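Colleague: How does the following fold in three dimensions:
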Amino acid sequence: MIYTAMDNFYLTDEQLKDSPSRKDGIDEATETTLRIYGCDLVQESGILLKLPQAVMATGQVLFHRFYCKKSFGRFNVKKVAASCVWLASKLEESPRKARQVLIVFHRMECRRENLPIEHLEVGSQKYHVLKTDLSRTERHILKEMGFICHVEHPHKFISNYLATLETPPELRQEAWNLANDSLRSTLCVRFKSEVVACGVIYAAARRFHVPLPENPPWWKAFDADKSGIDEVCKVLAHLYSLPKAQYIPVCKDGDSFTFSNKSKDSQSQPIPKEVLQTSPTANTKPASAAVNLESVGSKDVLVRAAIDKLKESKKSEDEPKNMPVEGDAREEPMLKSNPEHRAEASRERNKERDRDRDREREREREDRIKVRDRDRGRDSDRERDREESDRDKDKVKDRSHRSKDRGKDSGGHSGKSRHHSSRDRDYHSSSYSSREKDRHRHHSYA
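Modeller: Numbers count the residues shown, from 1 in each chain. Next up is the predicted model:
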């Protein structure tokens, strides 16, 4: 068994009755309801995050230990429950990201409080505030624990004890369920894990009417006493008699998980219309005014800011009466003397530059599209010219082939005529030559 400084977390009944929540005026019933409500959140979130049962049990024990040293009136139950789940997942080597924990708790609150279910955007201002609160609350828990977060659960003793007592197997599941439910009460900070394990075994055996050895008493073999077992059974019976726990707003730092106290104050305190209309800087810096109002959390500061704006507006109304009327020439130095106006002017200039850049980019895109269209048109024209030239070539080839065929046909007939004409010429020449010979013969005889 591991012995550490965790024994400092076990408190007596007198110390629990004099808890920090009681000192803040929170009664016992309200504290019990809020403890059960926080453990319900830890259990449900662990199921949604698909965490093992050991993580949920560790988170519930850390939750009870923290509120034994801090009041429910100073720390919101929902934020502490979320931080306990996040810390327990890391302690039990099943870590989950802060984004996953925040999204699950945001969805759970929207469903439990009948609020419109909205997705928690990771890049929003609300997510940034919730993540900061989550890490800050985790540091508070570690500080109060002295960074000693070792937790010993009664579950690991149940199986060994039941195997030693040779009980039926259905008794094991019932005892395990009772051990899970005992974590909703303060038993984990009042008794050791061995005593709680013996108490849930005794309650499960009574429910299933399973006899346990009493001579000698079986609990003495497991380092427990009868008074502790009776107290565990009594607390479990009282726990099952209570109705379902509902949230009771007692925290002074805001009662909602999804909306911090600062954002609530800024939303509940709208800007007076008279201040907006009479203030000289109402039209020049609305964004900065909204940011300043969101950053301010107290009502007194808001009232002082409104009074200061009214005074400035009265001064600005009185000054033009004493000054000569020159229109814009008198307003420009006033604007230049104010650094906020200069910042607004620089912002406007930057916006104009961004707009000009966007316009130039759009023009470049349009020019590129036009050039592409032209190139495509040229390519299409070239293809058409090539097709037409190919067609002309084909036509010329067809014509040449046809002319060749005609020439062949006409060549055969001309050859025959030529052949006949040569014969005729030979015949005429032969006849002429014979006539000349006869004439020559006649002349010679003469």
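Colleague: got a list of contacts for stretch 153-162?
Modeller: Outside stretch 153-162, the residues that touch it by CB atoms under 8 Å, 6 or more residues apart in numbering are 53-54, 57-58, 61, 171-172, 175-176, 179, 182, 193-194, 196-198, 200-201, 222. Every residue, glycine included, has its C-beta placed from N, CA and C.
Colleague: do stretch 20-28 as well
Modeller: Against stretch 20-28 from outside (CB under 8 Å, 6+ apart): Lys17, Thr30, Glu31, Tyr67, Lys69, Lys70, Ser71, Phe72, Gly73, Arg74, Val250.
Colleague: Cross those against helices and list the overlap.
Modeller: Assigned to helices by DSSP state H, the following of the contacts of stretch 20-28 qualify: Lys17, Thr30, Glu31, Tyr67.
Colleague: could you flag which of these are buried?
Modeller: For the ones in helices among the contacts of stretch 20-28, a burial check counting by 16 or more other CB atoms under 10 Å picks out Glu31, Tyr67.
Colleague: and the end-to-end length of stretch 205-221?
Modeller: 17 Å (CA to CA, to the nearest Å).
Colleague: Name the residues of it that are buried.
Modeller: Neighbour-count burial for stretch 205-221, counted by 16+ other CB under 10 Å, picks out Ala205, Trp218, Trp219.
Colleague: now swap in stretch 240-249 and tell me
Modeller: The neighbour-count check on stretch 240-249 (16+ other CB under 10 Å) flags Ala245, Tyr247, Ile248 as buried.
Colleague: Report pLDDT for the first one.
Modeller: It stands for Ala245. pLDDT for Ala245: 91.
Colleague: how near is Ala224 to Ala175?
Modeller: 14 Å (CB to CB, to the nearest Å).
Colleague: what about Arg22, how many residues close to it?
Modeller: By other CB atoms under 10 Å, the residues close to Arg22 number 15.
Colleague: what helix or strand is it on?
Modeller: helix 20-23 (DSSP states H and E).
Colleague: Pull that helix out as PDB, backbone CA atoms only.
Modeller: Taking Å, rounded to 0.1, in the frame of the first residue of the first chain, the C-alpha atoms of helix 20-23 are listed here in PDB:
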ATOM      1  CA  PRO A  20     -15.800  27.300   4.200                       C
ATOM      2  CA  SER A  21     -19.300  27.200   2.500                       C
ATOM      3  CA  ARG A  22     -21.000  27.300   5.900                       C
ATOM      4  CA  LYS A  23     -18.900  30.300   6.800                       C
END
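Colleague: pLDDT (mean, whole number) over it?
Modeller: For helix 20-23, mean pLDDT rounds to 91.
Colleague: likewise stretch 199-214?
Modeller: So the average pLDDT for stretch 199-214 ends up being 91.
Colleague: which residues of the chain score low on pLDDT?
Modeller: Low-confidence segments of the chain, defined by pLDDT under 70: 1-8, 253-306, 309-341, 404-446.
Colleague: domains of it?
Modeller: The record, using automatic domain parsing to delimit domains, assigns the chain the ranges 5-241, 269-337.
Colleague: So which of these is nearest Lys370?
Modeller: Of all the domains of the chain, it is domain 5-241 that lies closest to Lys370, at 37.6 Å by CB to CB.
Colleague: I'd guessed Leu34 sits against Val250; true?
Modeller: Yes - contact between Leu34 and Val250 holds when scored by CB atoms under 8 Å: they sit 7.2 Å apart.
Colleague: Identify the contacts common to these two.
Modeller: Shared contacts of Leu34 and Val250 (CB under 8 Å, 6+ apart): Phe72.
Colleague: Buried residues in the helix holding Arg22, which are they?
Modeller: Result for helix 20-23 [16+ other CB under 10 Å]: buried residues Pro20, Ser21.
Colleague: So which of the ones in helices among the contacts of stretch 20-28 is the closest to His238?
Modeller: Glu31 (14.1 Å).
Colleague: tell me the contacts of the closest one?
Modeller: Contacts of Glu31 by CB under 8 Å, 6+ apart are Ser19, Ser21, Arg22, Tyr67, Phe72.
Colleague: what's the burial count for the first one?
Modeller: So that's Ser19. 20.
Colleague: show me what contacts it?
Modeller: Glu31, Tyr67, Cys68, Ser71.
Colleague: from those, which is closest to Leu102?
Modeller: Nearest member of these to Leu102, counting by CB to CB, is Tyr67, at 21.3 Å.
Colleague: and Pro217, what are its phi and psi?
Modeller: Here is the backbone geometry of Pro217 (degrees, to the nearest 10): phi -60, psi 140.
Colleague: What of Glu214?
Modeller: The phi/psi pair for Glu214 (degrees, to the nearest 10) is phi -120, psi 0.
Colleague: now it: how far from Lys220?
Modeller: 10 Å.
Colleague: cool, Lys69 as well?
Modeller: As defined by CB to CB, Lys69 lies at a distance of 33 Å from Lys220.
Colleague: now Gln60
Modeller: 29 Å.
Colleague: ok, now Arg384?
Modeller: 106 Å.
Colleague: How about Asp230?
Modeller: Asp230 sits 15 Å away from Lys220, taking CB to CB as the criterion.
Colleague: Which residue ranges of the stretch 1-150 of the chain form helices?
Modeller: All helices of the stretch 1-150 of the chain, identified by DSSP state H, counting those that start in this stretch, fall at 13-17, 20-23, 28-48, 53-67, 77-91, 98-112, 125-145.
Colleague: okay, these in TSV with distance to Arg347 next?
Modeller: As requested, those are exported to TSV (distance: least, CB to CB, whole Å):
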stretch	distance to Arg347
helix 13-17	58
helix 20-23	48
helix 28-48	43
helix 53-67	45
helix 77-91	36
helix 98-112	32
helix 125-145	20
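Colleague: Among the ones you listed, which comes closest to Arg359?
Modeller: Among the helices of the stretch 1-150 of the chain, helix 125-145 comes nearest to Arg359, with 30.8 Å by CB to CB.
Colleague: which parts of that closest one are buried?
Modeller: Lys126, Tyr127, Leu130, Asp133, Leu134, Thr137, Glu138, His140, Ile141, Leu142, Met145.
Colleague: Give me the angle between it and helix 77-91.
Modeller: 70 degrees (axes from the mean of the first three to the mean of the last three CA atoms, to 10 degrees).
Colleague: Compute the inter-axis angle for helix 125-145 and helix 98-112.
Modeller: 100 degrees.
Colleague: Next, the angle helix 53-67 makes with helix 125-145.
Modeller: Angle of helix 125-145 versus helix 53-67, following the same axes, to 10 degrees, is 80 degrees.
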